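S.K.: Sequence and predicted structure are below.
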Amino acid sequence: MKVKPGEASTALGLSSDPVGQFHLLQRVHDATLGDEKASASPRPVISDSWRRSLAARVNPEDYRPPLVYRSDEVAEVRSAHPLQAVVPLLRDLLAGIADESRHVMIVTDALGTILWREGPSDICLRADPVGLCEGARWAEDSIGTNAMGTALAIDAPVQIYSAEHLVRIYHTWTCAAAPIHDPDTGDTLGTIDVSGLLQALHPAVVSLVSATAQLAESHLRRRMEAGDERLRTRNMPHLAALRGEMGALLTPTGRIIAAEPHGNWPERIQIRSGADKVLLDDGREALVEPLPEGYLVRVPRSARAAARRPKLSLSFLGDRPVAVLDGRELPLTLRWAELLALLVLHPAGLTAEQLALQLYGDDGNPATVRAEIHRLRAHLGGAGMRAKPYRLLADVEADFIAAQAALCSGDVRAAAAACHAPLLANSEAPAIRAERYCLLAALRSAVLGHRDLDALWTFAQSEPGSDDLEVFERLIRDLSAHDLRRPVAAARLAWLLAENEEQ
């Protein structure tokens, strides 16, 4: 795809003229996917989704979403799904509107598999042949850009109109979807979607779907709070029986709902399946006692507070970020690595609003950041990170901080050795890009301004310095004729000059 957001003079938005918008989007779709110059750019959310879908090898001419569950299996799967509790609410809010506006209401699970579909029979009959049916998986990597899959991919409400769908057969459809989150864990449970034929589009549908998702989350939160109260009522005698020992009642997911004494407890404690002990933030070992629902965690009086901070090692200079907590490598996404890097750079902590600005710019959504932080904290534990503001509690060793420290102390050779690649090279977060530029600019200035040729040579062998003409010109000028590195530098400089001439 040659066209990127902002390349063309016009950025597409949604129109009140469905037919005119349909033809325009068809032309943009064909031109963009055909690597031709388009008269307008797709919306950024659409172009980003197309890239993800094409990278997943989705065929724009194929329209067979995989069938995950047979019709006789769907009922059993959805009876055990958390969203079963809110489907009557969703039906009350949207099913009537779907009937009147000739749409179907759809609810998916977190993987984009349709578990519920309701709407006018004639629209359902039109939906079945294209796979818009219960049991089919509509994630982006299965069927390309669509409201359900894209809402899951970006964790935000989205409307997909006509030829904004990557797969051509869906160009006569329009849809709007919003994710629904678990109020306990913050994880995505699924999406609520309204889909219909092109002429039935209304610009307010996406706002309606978003508001419905928020109401569903509120309903789930009220159910969770009622369950917490029942759990407290049944199990408070266990807590009272500790007679002064520290203890806490936990839900099955490890969230603390009652504790003695109050305060000095994290929001939740990660309990491994079958574990009878757990290490608390302050280093004390607590005993875990399973309850019919949840856990009782208690700290015996004989326990001694062993002040111990976890050790977190970060290797973020390069393409693949690595984080190791107390000798255990953490599963790490690029977004989690960006969050960790920002928290290391701001040891006093950052709020969700500040992190959203630094990660996404002015369009950042603090709710998205909170969800990512919640998942990251599940791996770091309460001893590794605290909230309000978010800050790291672990003892951190980071390669980019070591490079900064070496530069500040004047040890140019150590800085060049440490900074062998850019900071989180694949990150597009504004604050990370700025930090990456500043670190490399400072290192380049230091090695070029210093007389240490070993440091300059080390920088020349790194990814940031390997294409720097001035660096190789300086090496050829200052290395002695007998230095074996000089002909290597000369060959590299000749190659770089030849490349520049060809361009």
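M.R.: Arrived safely, thanks for sending.

S.K.: Report the buried residues of stretch 316-325.
M.R.: The neighbour-count criterion (16 or more other C-beta atoms under 10 Å) identifies 316-318, 321, 323, 325 as the buried residues of stretch 316-325. All C-beta spots, glycine's among them, are computed from the backbone N, C-alpha and C.

S.K.: just checking, what packs against the longest helix anywhere in the chain?
M.R.: Of all segments of type helix in the chain, defined using DSSP state H, the longest is helix 205-240. Judged by 3 or more C-beta pairs under 8 Å, 6 or more residues apart in numbering; DSSP states H and E, helix 205-240 is in contact with helix 87-90, strand 158-161, strand 173-181, strand 188-197, strand 246-250, strand 256-260, strand 295-299.

S.K.: a markdown table for these, including mean neighbour count?
M.R.: Formatted as a markdown table, the helices and strands packed on helix 205-240 follow (neighbours: other C-beta atoms under 10 Å):
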| stretch | mean neighbour count |
| --- | --- |
| helix 87-90 | 17 |
| strand 158-161 | 28 |
| strand 173-181 | 27 |
| strand 188-197 | 25 |
| strand 246-250 | 23 |
| strand 256-260 | 18 |
| strand 295-299 | 21 |
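
S.K.: could I get the ones you listed as CSV with mean pLDDT and distance to Ala40?
M.R.: Shown next, in CSV, are the helices and strands packed on helix 205-240 (pLDDT from 0 to 100; distance: least, C-beta to C-beta, whole Å):
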stretch, mean pLDDT, distance to Ala40
helix 87-90, 91, 35
strand 158-161, 92, 14
strand 173-181, 94, 18
strand 188-197, 94, 24
strand 246-250, 91, 54
strand 256-260, 90, 52
strand 295-299, 91, 57
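
S.K.: Can you list the buried residues in the longest helix of the chain?
M.R.: Here helix 205-240 shows 205-206, 208-210, 212-213, 215-217, 219-220, 224, 227-228, 231, 235, 238-239 as buried, counting by 16+ other C-beta under 10 Å.

S.K.: now stretch 133-151
M.R.: Per 16+ other C-beta under 10 Å, stretch 133-151 contains these buried residues: 133-140, 142-151.

S.K.: among those, which are in helices?
M.R.: Secondary structure defined by DSSP H assigns 140, 142-143, 147-151 of the buried residues of stretch 133-151 to helices.

S.K.: now, among those residues, which is nearest to Ser47?
M.R.: The shortest approach to Ser47 among those belongs to Thr150, at 11.7 Å (C-beta to C-beta).

S.K.: just to revisit the earlier point, from the ones in helices among the buried residues of stretch 133-151, which is closest to Pro389?
M.R.: Closest approach between those and Pro389, by C-beta to C-beta: Ala151, at 28.6 Å.

S.K.: and the closest one, what is it in contact with?
M.R.: Counting by C-beta atoms under 8 Å, 6 or more residues apart in numbering, Ala151 touches 157-158, 177-179, 191, 193.

S.K.: what about 10 Å?
M.R.: Ala151 sits next to 108, 112, 140, 157-160, 175-180, 188, 190-193, 206, 209-210, 213 when contact means C-beta atoms under 10 Å, 6 or more residues apart in numbering.

S.K.: how much space between the residue nearest in space to the middle of the chain and Gln358?
M.R.: Centroid check for the chain by C-alpha atoms, centre = their mean gives Arg335 as the closest residue, at 5.4 Å. Applying C-beta to C-beta, to the nearest Å, the value for Arg335 to Gln358 is 12 Å.

S.K.: Could you tell me which residues touch both of those two?
M.R.: If you check Arg335 and Gln358 against C-beta under 10 Å, 6+ apart, the residues they both contact are 369, 429.

S.K.: mind checking how far the helix or strand that contains the residue nearest to the centre of the chain is from the chain centre?
M.R.: Using DSSP states H and E, Arg335 maps to helix 334-345. Here helix 334-345 is found 12 Å from its chain centre; the criterion is C-alpha atoms, centre = their mean, to the nearest Å.

S.K.: Any buried residues in the helix or strand following that helix, and which?
M.R.: Once the chain leaves helix 334-345, the next helix or strand it forms, by DSSP H and E, is helix 352-360. By neighbour count on 16+ other C-beta under 10 Å, the buried set for helix 352-360 is 352, 354-360.

S.K.: Please apply the same query to stretch 266-286.
M.R.: Across stretch 266-286, burial judged by 16+ other C-beta under 10 Å covers 266, 268-271, 278-281, 284, 286.

S.K.: And stretch 443-451, by the same measure?
M.R.: Within stretch 443-451, the residues that qualify as buried are 443-444, 446-448, counting by 16+ other C-beta under 10 Å.

S.K.: nearest to Gly244, of these?
M.R.: Leu443 (56.9 Å).

S.K.: Just list the residues touching the closest residue to that closest one other than its chain neighbours, thanks.
M.R.: Spatially, and ignoring its direct neighbours in sequence, Leu443 is nearest to Cys419 (5.2 Å; C-beta to C-beta, 6 or more residues apart in numbering). Cys419 makes contact with 317, 399-400, 402-404, 406-407, 439-440, 442-444, 447, 458-459, 462-465, according to C-beta under 10 Å, 6+ apart.
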